[in-house]
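1. Here is my input, please return the structure:
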Amino acid sequence: MAISPPVSRPLWLFLGLGLLGVGLAWLTFFHPQTQIQGDSQAPNLDSGDSQPQVPAIVQESGRRVEPDALQHDGFLKLEGTLVVPRWTELQGATVSLQPQPGNPAPKRDLHLGREVNFQFLKVPAGNWILEATAVGCKDFRGLYTFKDDGSRHHLLVPFELDAYIRGRVVDSSGLPLEGLEVAALRIVEDKTLAITPRTAICGSDGLFSIRNISQGPYRVIPGGTRYPAGEEKEVQLAGQEAWVDFILPAAGSALVQVLARTDQKPLSGLTVTARRVRAPTSKQTQFGHTSSVRTDKEGKALIPYLPPGEYSFSAFGSRWRRRVERASVRSGIQTQLVIQVGTIKANPRQ
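-> Coordinates of the predicted model:
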């Protein structure tokens, strides 16, 4: 009986490669549109489901509007983005667009919260002031001129982390001095520079917080730079916050109401000034002998800190004659008085 010789390995290899080629040809012929897909496949831009996600935009109505829903009606559109440091979470953001002098358009406000994109529709051409605020950031203010070319304008609003000078002001008995102004004045080497002080008002607990400042040395003055109520202190703001406390001598306060003499209506916006004309003792104190505030909507002006003594209280305005009244101020007591003023009559010769 004849025995066939064994098939060599190269022959089996050729047979296997031939079968694989036949299989690939069959797949290509019967399934010409089959493609290998993976996780890195680019999205189909013609498909609505595959469009890349774009953050929503906050409009003046306060609602979140998707970009596809915006109508291109031919008016000037102003878009913007709030830019904050990466490690900062945006909170309580607001944006306001107000006209510069000569622009009759009204002011417009947006409350964004944590949204970073905003949009104003139908913005008239002209000069505008854009202001933006956010919790923990310095206020932003920019001047812009927009042309009536029908195009969109996109603004980047950069926020910087805010720094604070905080503290508390009380009198010698420990009572908080509510309503007292505290000023921070930057210390510079060039004495010819005019430095604008940053101010804050003490709350009911005597606490104050001066913000929108940069790091560096400051003079902190209770009562403000114009009418200091005590010794100033120097503070070095090296980080995000510096703390300073003040204890002032015991004093009183005054609540002055200004009324029109003819109809007894309260007058707002008038200036009330208190000047001490005599101290209770022969020893004169150096601070807090003069203070000035404006009346509110009820015609009232609160002067929170007045050292004891005899004072002259005057009230005046652009159309109102100056009127002066005398009153005494005692420690721990609020002096109350009413000042009635008359109008300034026009000069018939003019």
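
2. Where does pLDDT dip in the stretch 1-150 of the chain?
-> Confidence mapping of the stretch 1-150 of the chain against pLDDT under 70 gives the ranges 1-75, 150.

3. For the strand or helix carrying residue 142, which strands pair with it and how are they oriented?
-> Assigned by DSSP states H and E, residue 142 falls within strand 140-146. Strand 140-146 has the following sheet partners, assigned by DSSP bridges: strand 126-133 (antiparallel).

4. Which positions within the partner strand qualify as buried?
-> Neighbour-count burial for strand 126-133 flags 126, 128, 129, 130, 131, 132, 133 (criterion: 16 or more other CB atoms under 10 Å). Where you see a C-beta, it was placed from the backbone N, CA and C, and this is true even at glycine.

5. bridging residues for the last one?
-> Per DSSP bridges, the residues bridged to residue 133 are residue 94.

6. Now distance to residue 156 too, for the buried residues of strand 126-133, in TSV please.
-> Below are the buried residues of strand 126-133 laid out as TSV (distance: CB to CB, whole Å):
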residue	distance to residue 156
126	21
128	16
129	17
130	11
131	15
132	11
133	16
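
7. what comes into contact with the strand holding residue 142?
-> Outside of strand 140-146, the residues within contact range by CB atoms under 8 Å, 6 or more residues apart in numbering are 76, 78, 100, 123, 125-133, 153, 155, 157-159.

8. If we use 10 Å, what do you get?
-> For strand 140-146, the surrounding residues in contact (CB atoms under 10 Å, 6 or more residues apart in numbering) are 76, 78, 82-83, 95-97, 100, 123-134, 153, 155, 157-160.

9. and if you look at stretch 185-196?
-> Here stretch 185-196 makes contact (CB under 10 Å, 6+ apart) with 183, 197-199, 213-214, 216-221, 224-225, 232, 234-237.

10. and the nearest residue to residue 127 once chain neighbours are set aside, how far is that from residue 133?
-> Of all residues not flanking residue 127 in the chain, residue 100 sits nearest, at 3.9 Å (CB to CB, 6 or more residues apart in numbering). For residue 100, the distance to residue 133 equals 19 Å [CB to CB, to the nearest Å].

11. got the domain boundaries for this protein?
-> The chain breaks down into these domains under automatic domain parsing: 57-158, 163-248, 252-341.

12. okay, now the nearest residue to residue 137 once chain neighbours are set aside: neighbour count?
-> Closest residue to residue 137 apart from its sequence neighbours, by CB to CB, 6+ apart: residue 159 at 4.1 Å. Neighbourhood size, residue 159 [other CB atoms under 10 Å]: 21.

13. before we move on, back to that, residue contacts, the residue nearest to residue 127?
-> Neighbour list for residue 100: 126, 127, 128, 129, 143, 144, 145 [criterion: CB under 10 Å, 6+ apart].

14. so can I have a markdown table of these showing distance to residue 271?
-> Converted to a markdown table, the contacts of residue 100 look like this (distance: CB to CB, whole Å):
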| residue | distance to residue 271 |
| --- | --- |
| 126 | 34 |
| 127 | 31 |
| 128 | 32 |
| 129 | 27 |
| 143 | 30 |
| 144 | 35 |
| 145 | 36 |
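
15. Quick check, central residue of this protein?
-> Centroid-nearest residue in the chain: residue 133, 3.1 Å away (criterion: CA atoms, centre = their mean).

16. how far away is residue 206 from residue 251?
-> Where residue 251 is concerned, residue 206 sits at a distance of 13 Å (CB to CB).

17. and for these two, which residues touch both?
-> Residues touching both residue 206 and residue 251 by CB under 10 Å, 6+ apart: 171, 175, 177, 180.

18. Of those, which belong to strands?
-> When DSSP state E is applied, the shared contacts of residue 206 and residue 251 are split such that residue 171 fall in strands.

19. Which two among the shared contacts of residue 206 and residue 251 are spaced furthest apart?
-> Greatest spatial distance among the shared contacts of residue 206 and residue 251 (CB to CB): 175 and 180, at 11.4 Å.

20. how long is stretch 159-175 from one end to the other?
-> Terminal residues of stretch 159-175 are spaced 38 Å apart (CA to CA, to the nearest Å).

21. average model confidence for that stretch?
-> The pLDDT scores in stretch 159-175 average 91.

22. how about it: buried residues?
-> Buried positions in stretch 159-175, judged by neighbour count with 16+ other CB under 10 Å: 159, 162, 163, 164, 165, 166, 167, 168, 169, 170, 171.

23. Tell me which of the residues you listed fall in strands.
-> Among these, the ones falling in strands (DSSP E) are 163, 164, 165, 166, 167, 168, 169, 170, 171.

24. Could you list the low-confidence segments of the stretch 151-300 of the chain?
-> Along the stretch 151-300 of the chain, segments meeting pLDDT under 70 span 151-152, 279-288.

25. close enough to count as contact, residue 295 and residue 265?
-> No - Residue 295 is not in contact with residue 265 according to CB atoms under 10 Å; the separation is 11.9 Å.

26. can you map out the strands along the stretch 201-350 of the chain?
-> Along the stretch 201-350 of the chain, counting by DSSP state E, counting those that start in this stretch, strands occupy 207-213, 216-222, 233-237, 241-248, 252-260, 271-278, 290-294, 300-306, 309-317, 320-329, 334-341.
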